[in-house]
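Colleague: Quick one, structure for this:
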Amino acid sequence: MSDPETAALRRALADQLADGGHLHTQQWRRAVESVPRHEFLRTGFFERVIGPGPTAWRPVLAESPGWLLRCYDDESFVTQVAGTIVPADIRGEILREPTSSSTLPSLVVRMLEDLQVEDGHRVLEIGTGTGYSTGLLCHRLGDDLVTSVEVDPEVSARAATSLGACGHFPDLVVGDGLAGHKDGAPYDRVIATCSVLDVPSVWVEQTRPGGIILATVTGWMHASGLVRLTVGDDGTARGRIVDESVSFMLARPQAPPPLGMLPDFGSGEERRARLAPTILTEPAARFVAQLAAPRAQHLTLPGPGGTEHILLDAGAGAWAALRQEEEQRWSVRQGGPGRLWDDVEEHLLRWQTDGAPSLEQFRIEVSPQGQRVAWAGA
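Modeller: Numbers count the residues shown, from 1 in each chain. Take a look at the predicted model:
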């Protein structure tokens, strides 16, 4: 396709994002209309294979029919699986976990507008990915004001190639984004395109007073919330969850450990559960549970009496297994150091006593001592 034709696709994408209420300002609209998303997907992407069983992925390459038009859909695309595998490596299908992606444009521009950048602001981006959001930042602010950190050297190299094809040459850093990038500090804005278990205090240290940090806080039970923090003169960042629908892949150094050999869930101490594990289907409740058991994973296993809900802290060796005995009655068995479900129940019952506030009513502070989360009424 000629450039006028791809320009029409970019304008159509901008119209779609504006009509959907995701794109409001002329500066960001000009960025969307100028930065060609397909340049950041030239190595292809994976599409989900619909069917029973485990999730499978198949490659869609640049020469595949419809590839270019799909690049301008408001859709997220997996661009890497299993840490190293890209679409060109596969013929057929693959059953592995995604490890890098191109986020749907509506979320990208919504977050960039939430970042509230102004002319002259220096921005640190955590997670370069394909480089599309980096390109939008470069168009808005200028290459010399944008620093982007990516942990995967190959992902960073592909992003550099794509950005260069668009005429952008920001400071691309290969390294652990959880450490930020002190050489470019202080920043006016920090934005993370990966999720984190806790907002690192070094991000706060590298942001000037009055600066904004926008990141998604999550946990190993997969509840998450987009957090906007403002850094104060005292070196503490304060803010709240502004969107509970946002989720990103977890920063790789914070990925949960493999479960390994499972404990004997038939052992341990048993009691009647005060809360049913089905409460964890509610995002806010699951977020509260993560606060109580931050290193626990939630899984379900078939059992002789029906499905069992398991909380397992593989690192500590603590676990809780819940089984339904009657329609309104659940039992819990717990083993290892500590009592996971005791801690979860205590937090959840206190949250319910305070009116079960939504995630938007949660407050977050990040200081050199770490992250503190509280909800309204706590």
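
Colleague: which parts of stretch 275-295 are buried?
Modeller: 275, 277, 279-280, 283-293, 295 (16 or more other Cβ atoms under 10 Å). C-beta here means a position set from N, CA and C on the backbone, and glycine is covered the same way.

Colleague: if we look at that stretch, which residues are touching it?
Modeller: 197, 218-225, 244, 256, 296, 298, 309, 311, 313, 315-316, 322, 324, 328, 330, 340, 343-349, 351, 356-359, 362, 373, 375 (Cβ atoms under 8 Å, 6 or more residues apart in numbering).

Colleague: export that stretch as PDB, just CAs?
Modeller: Taking Å, rounded to 0.1, in the frame of the first residue of the first chain, the C-alpha atoms of stretch 275-295 are listed here in PDB:
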ATOM      1  CA  LEU A 275     -15.900 -17.000  53.400                       C
ATOM      2  CA  ALA A 276     -16.300 -19.000  50.200                       C
ATOM      3  CA  PRO A 277     -13.400 -18.800  47.700                       C
ATOM      4  CA  THR A 278     -15.900 -17.800  45.000                       C
ATOM      5  CA  ILE A 279     -15.500 -14.200  46.400                       C
ATOM      6  CA  LEU A 280     -12.200 -14.100  44.500                       C
ATOM      7  CA  THR A 281     -14.100 -13.800  41.200                       C
ATOM      8  CA  GLU A 282     -14.800 -10.200  42.200                       C
ATOM      9  CA  PRO A 283     -11.800  -8.000  41.100                       C
ATOM     10  CA  ALA A 284     -11.800  -5.800  44.200                       C
ATOM     11  CA  ALA A 285     -12.000  -8.700  46.600                       C
ATOM     12  CA  ARG A 286      -9.200 -10.500  44.700                       C
ATOM     13  CA  PHE A 287      -7.100  -7.300  45.000                       C
ATOM     14  CA  VAL A 288      -7.700  -7.300  48.800                       C
ATOM     15  CA  ALA A 289      -6.700 -11.000  48.900                       C
ATOM     16  CA  GLN A 290      -3.500 -10.200  47.200                       C
ATOM     17  CA  LEU A 291      -2.700  -7.600  49.800                       C
ATOM     18  CA  ALA A 292      -3.100 -10.300  52.500                       C
ATOM     19  CA  ALA A 293      -1.200 -13.000  50.600                       C
ATOM     20  CA  PRO A 294       1.100 -11.100  48.100                       C
ATOM     21  CA  ARG A 295       3.100 -14.200  47.100                       C
END
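
Colleague: so which of the buried residues of stretch 275-295 would you say is closest to residue 166?
Modeller: Nearest to residue 166 among the buried residues of stretch 275-295: residue 283, at 36.5 Å, using Cβ to Cβ.

Colleague: that older thread, I'd like to know which of the contacts of stretch 275-295 are buried.
Modeller: 197, 218-225, 244, 256, 296, 298, 309, 311, 313, 322, 324, 330, 340, 343-345, 347-348, 351, 357, 359, 362, 373, 375.

Colleague: so of those residues, which ones are in helices?
Modeller: Cross-referencing the buried ones among the contacts of stretch 275-295 against helices under DSSP state H gives 340, 343, 344, 345, 347, 348, 351.

Colleague: hang on, residue 235 packs against residue 202?
Modeller: No. If you go by Cβ atoms under 8 Å, residue 235 and residue 202 don't touch, sitting 11.5 Å apart.

Colleague: Least confident secondary structure element in the protein?
Modeller: strand 297-303 (a mean of 90; mean pLDDT, DSSP states H and E).

Colleague: what about residue 80, how many neighbours?
Modeller: Using other Cβ atoms under 10 Å, residue 80 has 24 neighbouring residues.

Colleague: Was I right to think residue 372 contacts residue 362?
Modeller: No. Counting by Cβ under 8 Å, residue 362 is not a contact partner of residue 372; they are 10.8 Å apart.
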